[in-house]
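In: 3D model of this:
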Amino acid sequence: MTVREIMKRAPWTIGETDTLGNAQRLMSEHHIRHLPVMFEGALVGMLSEVDLLETRVHSDGDERWWKIPVHFAMHPAETADIDDDVDAVATRMGTTKVGAFAVLEHDKLAGVGFPAYASHQYRGIVGISNCSRDQRLSVLER
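Out: A predicted model of the protein is given here:
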């Protein structure tokens, strides 16, 4: 199974000079916890809900936290190629504390993947290892 089969295509993104307030709005409106961060069409990082909350906590109650540019809170993006083997990616990502990784196709952002969904153990638990692609996607969208 490849990353292509489990990834979420066409993810919402945010610019590195955009604000944390806009990032929080996007996350809230679209029920997402990770945003690939882009600059001039290139992936430059990943912003997680945890990154956003940690920055807010460290702002010492300053209500202007939402004006902070995304690049101050983002972290380097873990990546995988769209045709990488899912088990290999899960093994590589298993040592990190990353909740999402950017999926690249020809060095361009193609989607977002989630290490938990990539793990063989998770796929077995939710019963998606021997299902069609559409069945797997419906399980992941629950």
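
In: List the buried residues of stretch 63-71.
Out: Trp65, Trp66, Ile68, Val70 (16 or more other CB atoms under 10 Å). The C-beta positions use only the backbone N, C-alpha and C, and glycine is treated the same way.

In: Is the first one located within a strand, as I assumed?
Out: No. With the criterion set as DSSP: H, G, I helix; E, B strand; the rest coil, the secondary structure at Trp65 is helix rather than a strand.

In: Taking the centroid of this protein, which residue is nearest it?
Out: Computing the C-alpha centroid of the chain and ranking residues by CA atoms, centre = their mean puts Ala100 first, at 3.5 Å.

In: okay if I get the buried residues of stretch 63-71 as TSV plus pLDDT?
Out: Converted to TSV, those look like this (pLDDT from 0 to 100):
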residue	pLDDT
Trp65	85
Trp66	87
Ile68	92
Val70	95
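
In: what ranges of this structure fall below the confidence cut-off?
Out: Along the chain, segments meeting pLDDT under 70 span 116-142.

In: go again using 80 as the cut-off
Out: 10, 60-63, 93-98, 115-142 (pLDDT under 80).
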